[in-house]
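Visitor: quick one: sequence plus predicted model below, questions after.
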Amino acid sequence: MPLLSNGDTIYEEKTGPLLIDNEKDGSGGHPFVLTGTVMAVSKKGVTLAELIIVVAIIGVMTFIAVPRMGYSLVNTGKTQTTAYKIASAIRYARSLAISDAATNTQGYMVNMTGSGPLGYTGYEVVNLSTSGVIETGSVDANIVSCAGADDFAFRPLGNRFGDTDSLTVSGGEKTYIVSVVSATGMVKCEKQ
């Protein structure tokens, strides 16, 4: 049957005879017979109780599912963030070496610091001319393993000098390799 709309109310169209009992006592009396189209109201929607039950079921399912996922997703995010932070610090040291080339002929370096159960616990950007620390950062060494190259030094032209090895950052089933192309100083942070 087709539905008709009148504002916010939906009516269902019914055709055929409709008997209306004129007597309210149910005795029958003299019924009126109406013919033609009659509109009957059709209510659609949910009650507040149904809505509360659905929300409660979703809450229980979430309460059960989230602890089972474990913290590997969180650890994966921390691994990626740590790798990107270290790569960013290396890029910063390179840009400082280039921008200060006129006054600083020694360059800048990112030095990996500390030793924890899984490797380095931090890093610092150092001015090689003054030995001053420009910036420091930390590595959550209880979650993220950070091992490999212990420094990334840049000359005033932006190229790397010294070691040519890379840094491996891993944790939460993800591994990132942070490396520098020696000739150009380009910093790479690649997911393995």
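Guide: Sure thing, it's come through. Since we're looking at a predicted model, the values are computed, not measured.

Visitor: now the strands for this structure?
Guide: With DSSP state E, the ranges of strands along the chain come out as 3-6, 9-15, 18-20, 32-34, 37-41, 108-113, 122-127, 133-138, 145-148, 151-154, 160-161, 167-171, 174-180, 187-191.

Visitor: any idea of the angle the longest helix along the chain forms with strand 133-138?
Guide: The single longest helix within the chain, with elements called by DSSP state H, is helix 72-99. Here helix 72-99 points in a direction 170 degrees away from that of strand 133-138 (axes from the mean of the first three to the mean of the last three CA atoms, to 10 degrees).

Visitor: who does helix 72-99 touch, helix- and strand-wise?
Guide: Helices and strands touching helix 72-99, by 3 or more CB pairs under 8 Å, 6 or more residues apart in numbering; DSSP states H and E, are strand 108-113, strand 122-127, strand 133-138, strand 151-154, strand 167-171, strand 174-180, strand 187-191. Heads up, the C-betas are built off the backbone N, CA and C, glycines and all.

Visitor: could I get the ones you listed as a markdown table with mean neighbour count, distance to residue 67 and mean pLDDT?
Guide: Shown next, in a markdown table, are the helices and strands packed on helix 72-99 (neighbours: other CB atoms under 10 Å; distance: least, CB to CB, whole Å; pLDDT from 0 to 100):
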| stretch | mean neighbour count | distance to residue 67 | mean pLDDT |
| --- | --- | --- | --- |
| strand 108-113 | 22 | 35 | 94 |
| strand 122-127 | 20 | 31 | 95 |
| strand 133-138 | 14 | 28 | 94 |
| strand 151-154 | 24 | 40 | 93 |
| strand 167-171 | 24 | 20 | 91 |
| strand 174-180 | 21 | 21 | 93 |
| strand 187-191 | 15 | 27 | 93 |
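
Visitor: residues contacting residue 152?
Guide: 90, 93, 109, 110, 160, 163, 180 (CB atoms under 8 Å, 6 or more residues apart in numbering).

Visitor: what does residue 158 give?
Guide: Residues near residue 158 by CB under 8 Å, 6+ apart: 94, 95, 97, 98, 184, 185.

Visitor: which among those end up buried?
Guide: 94, 97, 98, 185 (16 or more other CB atoms under 10 Å).
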